[in-house]
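S.K.: Got a sequence here, can you model it:
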Amino acid sequence: MKPLAILRTTLTTAALLAAALPAHAVGRLADIQVVDRDSGETLTVYRHQGEHWVAGRPGARYAVSVRNATAGRVLGVVSVDGVNVISGETAAWQQTGYVLSPWQQHAITGWRKSDAEVAAFHFTASSASYAERTGRPAHVGVIGVAVFREKPLPPPPPAVLPWPSQCEPGAAESRSSAPSSAADTTAEAQANNGAPRERAESLAARRMAPAAPMPAPRLGTGHGEREASHISHTTFERRSERPDELVRIRYDSRENLIAMGIIPTQAVPLRPNPFPAGVQPGYAPDPR
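M.R.: Next up, the predicted model:
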C-alpha cells in the first residue's frame, strides 16, 4: 500500500506542476502560437492580469502559427500591431483573412505583398515598426486573431406533396410560422450589430494605453526582407458578423516583461547546506 500512496502523491504533484507551467498556445477554436523562426523556439505564453504575453528577441524573425482545432473550415483575420497582415489596413474584424481547412495549420511569416511573397515579420524597436512607420503607433506590441466559423449549408428543400398544400390541414400554420422564425433571426443579427462600437473602442484604447517606462525600448514588428509564401483564393461565408473567438497576445522584450513583473526573475535564494564540505573519507583529525 505504501508504494501506491507514493505514486498517487507523485502524480498529483506532477499534475499541479503542469497546470502551473506557462502555455505555448492560446485559443479554443484555433491554436495560436508565436514561433521564433531563427531559433525554432515556440515562445512561452505568460498569463498576467488577464493578458497573454510572449517575450520577443530583438532582431529575430518570427511567425504567427494558426492551427484550426475544429472539424469545419474557419477564417482567421490576423492583425499585428493593429494592422491587417494581408491588406495593410488598420485592422478590423470584417476584413480579409486566412481560411483554414479542418485541423490545418499555417505559419504566417510576414506582411503579404502578393499571392507569392511576404515581407518577413521581425522583432524591432517600436520606432522602426511597420505600424509606426505608416503613422499608426497606438497599438504596437499586440497580435490579434479573430476566428470565424463558416456558415452551414442551407437544408435541402422539402419534398413535394402529391396534392395541393393548401388542402392539407395545418398548412396555414406552417406558412405563418416561417416568417416569424426569419424575423427572430434578423432581430438577433441586428441586436449583435447594434452593440455600441464607441464603448468597445474606448475599452480597447484603455487596455492598450502606454505602459510605464521600460529599461529597454518597446518592441514592435518590422517590415523585413521579401520571402516566398504562396497562397490561393477561396470563398468563405461567415456564420456571424462577430468573431466566434478573439485571441489577443501581447509581446515585448524579455527585459521589459521582467521589469513589469510578467516573467519572474530566475534568482533563487541560496539554501544553507548542513554538509558544505561534501563527502570526506577518513576520520576526524587531531587539533593543531
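
S.K.: Where does the prediction get shaky in the stretch 101-250 of the chain?
M.R.: Segments of the stretch 101-250 of the chain classed as low confidence (criterion: pLDDT under 70) are 161-215.

S.K.: show me where it has strands.
M.R.: 105-108, 110-112, 117-125, 142-149, 219-228, 245-253 (DSSP state E, counting those that start in this stretch).

S.K.: Please export the C-alpha coordinates of the third one as PDB.
M.R.: What follows is the C-alpha trace of strand 117-125 in PDB, where atoms were taken according to Å, rounded to 0.1, in the frame of the first residue of the first chain:
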ATOM      1  CA  GLU A 117       5.500  36.900 -51.400                       C
ATOM      2  CA  VAL A 118       5.600  38.400 -47.900                       C
ATOM      3  CA  ALA A 119       7.800  40.900 -46.100                       C
ATOM      4  CA  ALA A 120       9.100  39.000 -43.100                       C
ATOM      5  CA  PHE A 121       8.000  39.700 -39.500                       C
ATOM      6  CA  HIS A 122      10.900  40.500 -37.200                       C
ATOM      7  CA  PHE A 123      11.100  42.000 -33.700                       C
ATOM      8  CA  THR A 124      12.500  45.500 -33.700                       C
ATOM      9  CA  ALA A 125      12.300  48.700 -31.800                       C
END
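
S.K.: Please find the angle between the direction vectors of that strand and strand 245-253.
M.R.: With axes from the mean of the first three to the mean of the last three Cα atoms, to 10 degrees applied, the angle from strand 117-125 to strand 245-253 works out at 50 degrees.

S.K.: Do a quick rundown of the helices in this structure.
M.R.: Listed in chain order, the helices found in the chain under DSSP state H are 2-20, 130-133, 171-193, 197-207, 254-259.

S.K.: circling back to that earlier point, wait, which of the strands of the stretch 101-250 of the chain is closest to residue 50?
M.R.: strand 245-253 (10.1 Å; Cβ to Cβ). Bear in mind the C-beta positions are built from the backbone N, C-alpha and C, glycine included.

S.K.: Now do that closest one and strand 219-228, the angle between them.
M.R.: 110 degrees.

S.K.: tell me what strand 245-253 is packed against?
M.R.: Here strand 245-253 touches strand 30-36, strand 51-56, strand 142-149, strand 219-228, going by 3 or more Cβ pairs under 8 Å, 6 or more residues apart in numbering; DSSP states H and E.

S.K.: got the contact list for it?
M.R.: Here strand 245-253 makes contact (Cβ atoms under 8 Å, 6 or more residues apart in numbering) with 26-30, 32, 34, 45, 51-58, 123, 141-147, 214, 216-219, 260.

S.K.: Pull out the buried members of these.
M.R.: 26-27, 29-30, 32, 34, 45, 52-57, 123, 141-147, 214, 217-219 (16 or more other Cβ atoms under 10 Å).

S.K.: What's the mean pLDDT across stretch 82-100?
M.R.: For stretch 82-100, the mean pLDDT works out to 96.

S.K.: Now do the buried residues in it.
M.R.: For stretch 82-100, by 16+ other Cβ under 10 Å, it's 82-86, 90-91, 96-100.

S.K.: so can I have JSON lines of those showing distance to residue 130?
M.R.: Converted to JSON lines, the buried residues of stretch 82-100 look like this (distance: Cβ to Cβ, whole Å):
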{"residue": "82", "distance to residue 130": "10"}
{"residue": "83", "distance to residue 130": "7"}
{"residue": "84", "distance to residue 130": "11"}
{"residue": "85", "distance to residue 130": "10"}
{"residue": "86", "distance to residue 130": "13"}
{"residue": "90", "distance to residue 130": "12"}
{"residue": "91", "distance to residue 130": "12"}
{"residue": "96", "distance to residue 130": "18"}
{"residue": "97", "distance to residue 130": "18"}
{"residue": "98", "distance to residue 130": "19"}
{"residue": "99", "distance to residue 130": "24"}
{"residue": "100", "distance to residue 130": "24"}
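
S.K.: Many thanks, have a good one.
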